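1. return atomic coordinates for the entry below.
(chains A, B and C)
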Amino acid sequence: MRRENQRLADLLRDDQANLLSGWAAEYHKYAEGRGLTRDLQAQQTSILRELEAGIRADGNADNFNDPAWRVLREVLAQLSNERAAQGETADVTSGFVLALKRPIFDGLQRQTGGAVEGQIDVIWLTSAVVDRMAQWTVANYQKTREDIIVRQQHELMELSTPVIKLWDGVLAVPLIGTLDSSRAQMVMESLLERLVETGSELAIIDITGVPTVDTLVAQHLMKTVTAIRLMGAESIISGIRPQIAQTIVHLGIDLQGIVTKSTLADALRTAMRMTGHTVARAAS
Amino acid sequence: MATELAPTGSAPIRDERDIVQARALVRTLTAQLKFSLVEQTKMITAASELARNTMVYGRGGEMRWEIVAEGIRRGLRLHFEDQGPGIPDVEQALVDGWTTGSGLGMGLSGTKRLVNDFAIRTKVGEGTCVSITRWK
Amino acid sequence: MERIPILRMGKHLLVTIQIDMQDQTALQLQEDLATMVDKSGANGVLIDVSALEMVDSFIGRMLVSISDIGRLLGATTVVVGIRPAVAITLVELGLSLGGVKTALNVERGMALLDANRTI
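-> Next up, the predicted model:
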């Protein structure tokens, strides 16, 4: 083990109490006057323990992906995931990690009685390693936030594109809002799944709520209709407003024989007929 | 059931059985990386297409895989490499295919749509390497 | 090399593909079906692909060929059970299997074949 690693490792082992309280005090400054919560306190201990283990395994700051730092990385990832999920900010989360530097420097000073000579290596080791820890923590934090946002987007998309069973064998998807490629993908997937689940023969895709239909949207619709056909069902596109009809013709989009209707009502009427149903009003 | 595959590896592509094997490998790898069912199917299908190209046009070669990372996101990258005749007109190859109704062709344009990243290195008389990546 | 079995059900032939086929196996199936349709005078062929997790361009072309060959020999072909993920992938690849009749499952497929019998 390198000499500076040895020094730092011994300090982490021998001066825990001081390090913990110094860390709490420093965090106070980074976190806009906040104190340590109980879980943060618990995490302090495990971070110090895994940091010491990594230092003793001769880890250095140049390669934080080294196996020597594996457990420390896991502990920090867990920390940032929890902070992110609780809505803590990135700077306070990284501030918690960075606040560890000062108490370690103070500890090193106590060890040597204030002498500065020969300290550079261990000070550099400390500073560089804590910086890496903070970087790693922030990267994980950001990933967690992104995952949360993606999940929320998904949920929103699902809520806004429900697949409805209109009748025996007839499904309907009322599309509302712009149809981008990820949304189109999601509509296709849930529609096809529901086709299998319900054993339906017909899907009505209603685009009344889609503001513009350009070549890209038309492509998405075509792909969806083709996929439905591959699975042995038929589609009807409804909600073609006059402006949309004109756009489609002007753009030269060929809907290749897909049945289209201007209203959902018309589509349902056609769907009932296509699936062999007759609708009759009861005699009063 | 299956043990975890190493983050990198390779498999030969000499005959038809190797194409089936390549599909099975990609199935295991994409499942390991927890891709969704649709993502898995797309990647396995792309691998099948490219493996067949390697065998048919490249006169045999190999498939190499690597689990890649870009920052925090992870993905699967596959390389299909042969020392075959190479592709004289890549632009043309990327346009032709079943979509133009010309029958066969290498179907590269379709395969490209199944993956996130698509790269092709080829030299006439030396060989071809097609690399595809799907990110999680 | 495995050979896909072809079952006879009345005036129809039923094929259930349950393995990840080698190219040769697919070609053999095509040949076997042509022979069987001719020999049995069947007027309907049902191909169940519900066990297939993947259909690539080779298998796609096989299905189109079987359908075309069958038609020439006087039989209608229906492919049943294409999974959602497979359908999505085929569409993305640009393969719409034009000319091939499809149905959601074996039951529907049979109904389709019976309805087509009057042709």
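2. tell me the domain boundaries of chain A?
-> A:3-150, A:164-274 (automatic domain parsing).
3. what's the average pLDDT for the longest one?
-> What that stands for is domain A:3-150. On average, the pLDDT along domain A:3-150 is 88.
4. can you give me the end-to-end span of it?
-> 46 Å (Cα to Cα, to the nearest Å).
5. ok, it near chain B or not?
-> Yes: against chain B, domain A:3-150 shows contacts by Cβ under 8 Å from any Cβ of the partner chain at A:Ala139, A:Asn140, A:Gln142, A:Lys143. C-betas here are computed from N, CA, C, even on glycine.
6. try the shortest one
-> Yes: where contact is defined by Cβ under 8 Å from any Cβ, part of domain A:164-274 touches chain B, namely A:Gln185, A:Glu189.
7. residue ranges of the helices in chain B, please?
-> With helices called from DSSP state H, chain B shows them at B:16-32, B:37-56, B:90-95, B:108-113.
8. by mean pLDDT, show me the worst of the ones you listed.
-> helix B:90-95 (a mean of 81).
9. can you name every helix or strand that that helix contacts?
-> Here helix B:90-95 touches helix B:108-113, strand B:117-123, going by 3 or more Cβ pairs under 8 Å, 6 or more residues apart in numbering or on different chains; DSSP states H and E.
10. whichever residue of the stretch 101-250 of chain A sits closest to chain B - how many residues pack around it?
-> Residue nearest to chain B within the stretch 101-250 of chain A: A:Lys143 (4.0 Å; Cβ to the nearest Cβ). By the criterion of other Cβ atoms under 10 Å in any protein chain shown, A:Lys143 has 17 neighbours.
11. how near is it to B:Arg73?
-> According to Cβ to Cβ, to the nearest Å, A:Lys143 stands 8 Å off from B:Arg73.
12. also B:Ser109?
-> 26 Å.
13. who's in contact with the residue most central in space within chain B?
-> By Cα atoms, centre = their mean, chain B has its centre lying nearest to B:Ala47, at 3.9 Å. B:Ala47 sits next to B:Ala22, B:Arg23, B:Val26, B:Met63, B:Leu78, B:Phe80, B:Ile132 when contact means Cβ atoms under 8 Å, 6 or more residues apart in numbering or on different chains.
14. show me the beta-bridge partners of the fourth one.
-> What that stands for is B:Met63. B:Ala11, B:Phe80 (DSSP bridges).
15. quick one, strands of chain A?
-> Under the criterion DSSP state E, chain A contains strands at A:164-167, A:170-176, A:202-209, A:234-238, A:259-261.
16. for B:Pro85, find the nearest of the ones you listed.
-> strand A:234-238 (43.8 Å; Cβ to Cβ).
17. ok, that closest one: who's next to it in the sheet?
-> Strand A:234-238 is paired, per DSSP bridges, with strand A:202-209 (parallel), strand A:259-261 (parallel).
18. so which of the ones you listed is nearest A:Leu156?
-> Here strand A:202-209 is closest among those (Cβ to Cβ), at 14.9 Å.
19. sorry, back to before: reformat the strands of chain A as CSV; add mean neighbour count and mean pLDDT.
-> Listed next are the strands of chain A as CSV, based on neighbours: other Cβ atoms under 10 Å in any protein chain shown; pLDDT from 0 to 100:
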stretch, mean neighbour count, mean pLDDT
strand A:164-167, 14, 91
strand A:170-176, 21, 91
strand A:202-209, 21, 92
strand A:234-238, 22, 94
strand A:259-261, 19, 91
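20. hey, C-alpha coordinates of the lowest-mean-pLDDT helix or strand in chain C in CSV?
-> Lowest on mean pLDDT, DSSP states H and E among the helices and strands of chain C sits helix C:106-116, with a mean of 90. C-alpha atoms of helix C:106-116 as CSV (Å, rounded to 0.1, in the frame of the first residue of the first chain):
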residue,chain,number,x,y,z
VAL,C,106,-56.1,-21.1,-35.0
GLU,C,107,-59.8,-20.9,-34.4
ARG,C,108,-60.1,-17.7,-36.4
GLY,C,109,-57.8,-19.0,-39.1
MET,C,110,-60.0,-22.1,-39.6
ALA,C,111,-63.1,-19.9,-39.8
LEU,C,112,-61.3,-17.9,-42.5
LEU,C,113,-60.4,-21.0,-44.4
ASP,C,114,-63.9,-22.4,-44.3
ALA,C,115,-65.3,-19.1,-45.4
ASN,C,116,-62.9,-19.1,-48.3
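21. can you tell me what sits against it?
-> With Cβ under 8 Å, 6+ apart, helix C:106-116 has contacts from A:199, A:201, A:232, C:12, C:14, C:43-44, C:46, C:48, C:76, C:78-81, C:101, C:103.
22. rewinding a little: out of the helices and strands packed on helix B:90-95, flag the one nearest A:Ser262.
-> Going by Cβ to Cβ, the one of the helices and strands packed on helix B:90-95 nearest A:Ser262 is helix B:108-113, 32.1 Å.
23. helices or strands next to the closest one in the packing?
-> Against helix B:108-113 (3+ Cβ pairs under 8 Å, 6+ apart) you get helix B:37-56, helix B:90-95, strand B:117-123, helix C:84-93.
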